[in-house]
Structures are given as C-alpha cells and as structure tokens.
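J.: I'll drop the sequence and a predicted model, then ask my questions.
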Amino acid sequence: MTYTFRFGPVLEAYRDLLAGAWLTIQLSAGAMLLGLVVAIIGAWIKTSGPKPLRIIINAYIEIIRNTPFLVQIFFIFFGLPALGLRLSPNAAALLAMVVNVGAYATEIIRAGIESIHKGQVEAGLALGLKPLQVFRYIVLKPALRTVYPALTSQFILLMLTSSVVSAISADDLTSMANNIQSLTFTSFEVYLVVTLMYLVMSMAFSGLFSAIYRMTFSYPDRR
Amino acid sequence: MLRQFGTNEFLFILTAARWTVLLSLIAFAGGTVGGLIVALSRVSAIKALSLTAGGFIQVFQGTPLLMQLFLVFFGANTLGLDINPWIAAAVALTLNASAFLGEIWRGCIQAVPKGQWEAANALGLHYPSMMRYIILPQAFKIALPPTVGFLVQLIKATSLAAIIGFTELTRAGQIINNATFKPFLVFGTVAAIYFALCWPLSHLSTRLERRFAAAHAR
C-alpha cells in the first residue's frame, strides 16, 4: 500500500465545493419550508378533512414512505418530461425533495395534532371559533412544539439525503465532488472532505433548529 | 430502434430485486451484530467505550449514506484492496445500519425501568448475566417495532448501491429505461416492487407498535 494522499487539487477547487454546499443548503432550506407547508395542509386533511381527500393523502404518504428517494427522483426527472413538463435538474431535485419530505412530515405533524387534548378543541369551538381558526390558533403551535425534535431530525435527514440528487446531475455538493474527482482522480480525498462538509452542515442545521426552538417555543409548559 | 417494455424487461427488473433483498438481509444481519455492540458500548459505564460509540453514531448519522458508500468504495482502493461494488455496498450499509440500530437499541435498553436494573443488582447478578437475562429480553420487546421500521429504511437505502454500479433493483430499472425510454412504466414498476417489499413491513411495524402501546397503557 503505497498510496499518497493528494489533498492539493481538492483544496484548489474550494470555490466549486462552496458553491455546491450553498446549493445543497438552498435546496434543503427550500424543501424544508415548502415541505412544512405541504405537511401542515396534509396533516389538517388527515385529521379533519373530507374523506376522499384523506384517502388521497394516505395513498401519497404510503407510496412515498415505502419507495426509495432515488426512484422518486428518477420518476420525476425522467418521467415528467414524458408528460411534457421538462424540469432542470435543480428544479426536479427541489420538487422531489418537497414531495419526499412532505410525506414524512405529514405523518409527524399528524401525530402532534392527535396529541392535543380534545378539550382544547372543544373549548375553542365553544368560544365561537371556526374549525380552521381552532386549528390555526389552538392546535397547530402546541402540536408543532410537541413534534419539533422528530420534525427537525427529519429535516436534517433530508439535507443528508439530498446528496442523492447528484444522480441527476443537479449542482449540489455531491455533484461538485463528482466533477472534481473525475478531473483530478483524487476520489477518496474529495469525498472525505465533502463528507466532513456534510457533517458540519448537519451540525449547523441542528444548532439553527435549537435556536429557532428557543425563540419560538420556549414558553413554560402548563399541564 | 428502441426496445419495447415487454415480459423480458419486466422479468429482468423483477429478478434484480433478489439482489436488493439479499443486500438488505446482509446489511441487516451485519447491522444486528454491529448495532448490539454499539448499543452495549453506548450504555457501558466505561467512559472511553461509550464516547467512542457516541462518536461513531454521530459520524454515521451526520453524514450522507451516499458519501459513506463512496468512502468505502474508493477508500478500499487507496488501501490497495480490489473491491467490487457489491462488497462495498454491503460494508457501507452494514456500518450505517450498525450506527442507526445502535442508537435505536440504546434508547430501548435505557427504557427498561430502573427498578429492573436495581433488582438485578440486588440479586447479585454480574453485568453480563444482568444484560443477558434481565435487560436485553425486555429491551427486545420495546425494540421490535422501531427495528422493523428501520428494516424498511434499509431496503430503500440499498437503492444507493445503484450509484456505484451494483445492479440491484434501481440500477436494473435505469438499464431498462435507457433501452426502452419508458420512464413512467419502468420506474413505476421499480417503485411498485419496492412498495411490495416495504409496505408489509411498515404495516407490521405500526401494528406491533400499537399492540405494544396497548399492552403498556395505564
């Protein structure tokens, strides 16, 4: 074993790596926000929506949660153009990530909503609030607070899973690494550096999420 | 001329599913052994052991599985080992499963009520026999639903082996899609096969969880 490590070419390409990391962050943050919207709507439908919609949401959740992300990306990136909808790799990646995280987050938020005491909802209705107002002002925030840890670890998992979008050549961090390694033949070194970058990014997201928790949900628990 | 998507193409994809199943089983078997070691190290009173296991979990849960796959695949080459994608995928998935199962099982071991630990101590059981006869059997019951749930995650994770060129279910789909260019049909079929593998397990996991919750309801 006479392998000499060459980190030089990797470090020279730091601009590309940073650009890739930035796109990974943008894709992940965008998918988290949009996925949260999908999940809140989905969870509302699942807990109190009309029956036909509930069946559709259930099917969506089961299909997404029981198939691999890679297959979902291929389906969106190669399948949608057959319907006449041509997406750039980055747009397809974002769409796939939103669709994917939306299903997982719907289930998580549904669990949070179901943990809200029925008396709270009844009290809201008795005060004359409309069902949607009860949901918005009484149910949603404590529900999100209860499931916050599960939700944010799902979001971090999404950021890590986003490396898979390199399979359709989006411009994310992993794709940049693929480009650099094919130009410089320093595959192990590139992927080692990029792995560390992902580790730092997951820690940064985790720190950001606990800061958001302290700002948003740090009121005392009254039960 | 494009090939049509016929019975042969379908059978090619279907038979490739056995590699997905086999890879999942190997990673799960390896992950069971590794996960048990990680979980026991994590709850151990020896600080160095517990910290090492904690670091292992942090690294494997904080980095993408795809990177772990690449590092094993290309790392073995730097060590001068000739490795094929099949072995690289099995090794990387085993390590990854060890970290995730280790963390799941750590929680389950610690969920065994404290009185059980104290009673075992009071009876004068040594640490290994306490674990073997008192703690682990009870932790096993708690661990069953999330472990089955993780198996679903593992089956889906094997699809990443396609990226390093191992011909399992997803790669077979890619190959057929390149020849027939029927992405809806091909990846729909691939997704349906994954669904057929994963959905019963997901269902089982939920049912076990409900039964466990009912048994422990106060």
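T.: Perfect, thanks for sending it.

J.: Spell out which residues of chain B are next to chain A.
T.: B:59, B:62-68, B:70-71, B:74-75, B:77-80, B:152, B:156-157, B:159-160, B:162-163, B:170, B:173-174, B:177, B:183-184, B:187-188, B:190-191, B:194-195, B:198-199, B:202 (C-beta under 8 Å from any C-beta of the partner chain). Yep, even glycine has a C-beta here, placed from its N, CA and C like the rest.

J.: repeat that with 6 Å
T.: With the criterion set to C-beta under 6 Å from any C-beta of the partner chain, chain B comes near chain A through B:62-64, B:66-67, B:70-71, B:74-75, B:78-80, B:156, B:159, B:163, B:170, B:183-184, B:187, B:190-191, B:194-195, B:198-199, B:202.

J.: Briefly note if the helix or strand hosting A:Ala93 comes near chain B.
T.: Per DSSP states H and E: A:Ala93 is located in helix A:89-114. No: Helix A:89-114 does not reach chain B (C-beta under 6 Å from any C-beta); its nearest approach is 10.4 Å.

J.: so how far is that helix off the chain centroid?
T.: 6 Å (C-alpha atoms, centre = their mean, to the nearest Å).

J.: What are the buried residues along whichever helix or strand B:Leu95 is part of?
T.: Using DSSP H and E, B:Leu95 maps to helix B:85-111. By 16 or more other C-beta atoms under 10 Å in any protein chain shown, the buried positions in helix B:85-111 come out as B:85-86, B:88-106, B:108-109.

J.: so who does residue 13 touch?
T.: Picked chain A for this. Taking C-beta atoms under 6 Å, 6 or more residues apart in numbering or on different chains as the contact definition, A:Ala13 lies against A:Ile180.

J.: meant chain B actually
T.: Neighbours of B:Ile13 in contact, by C-beta under 6 Å, 6+ apart: B:Ala172, B:Gly173, B:Ile176, B:Thr189.

J.: 10 Å - rerun?
T.: B:5, B:169-173, B:175-177, B:186-187, B:189-190, B:192-193 (C-beta atoms under 10 Å, 6 or more residues apart in numbering or on different chains).

J.: Next, it: phi, psi?
T.: In terms of degrees, to the nearest 10, the main-chain angles of B:Ile13 are phi -70, psi -40.

J.: Closest one to chain A out of the contacts of B:Ile13, please.
T.: When those are compared for distance to chain A (C-beta to the nearest C-beta), B:Phe187 wins out at 4.4 Å.

J.: For that closest one, which non-adjacent residue is spatially closest?
T.: Sequence neighbours aside, A:Phe75 is the residue nearest to B:Phe187 in space, at 4.4 Å (criterion: C-beta to C-beta, 6 or more residues apart in numbering or on different chains).

J.: returning to that earlier point: for the helix or strand just after the helix holding B:Leu95, which positions count as buried?
T.: Next helix or strand after helix B:85-111 toward the C-terminus (DSSP H and E): helix B:114-122. Of the residues in helix B:114-122, B:Trp117, B:Ala120 count as buried by neighbour count, 16+ other C-beta under 10 Å.

J.: mean confidence score for the helix holding B:Leu95?
T.: Averaging pLDDT along helix B:85-111 gives 96.

J.: ok now do residue 128, which residues does it touch?
T.: All of this is about chain A. With C-beta under 10 Å, 6+ apart, A:Gly128 has no contacts at all.

J.: that answer is for a different chain, and I need it for chain B
T.: So B:Pro128 contacts B:Leu40 (C-beta under 10 Å, 6+ apart).

J.: any idea which element it lies in?
T.: Per DSSP H and E: helix B:127-129 holds B:Pro128.

J.: So for the next helix or strand along the chain from that helix, mean pLDDT?
T.: Next along the chain after helix B:127-129, taking DSSP H and E as the criterion, comes helix B:136-157. Averaged across helix B:136-157, pLDDT comes to 95.

J.: Stretch B:3-22 now?
T.: 92.
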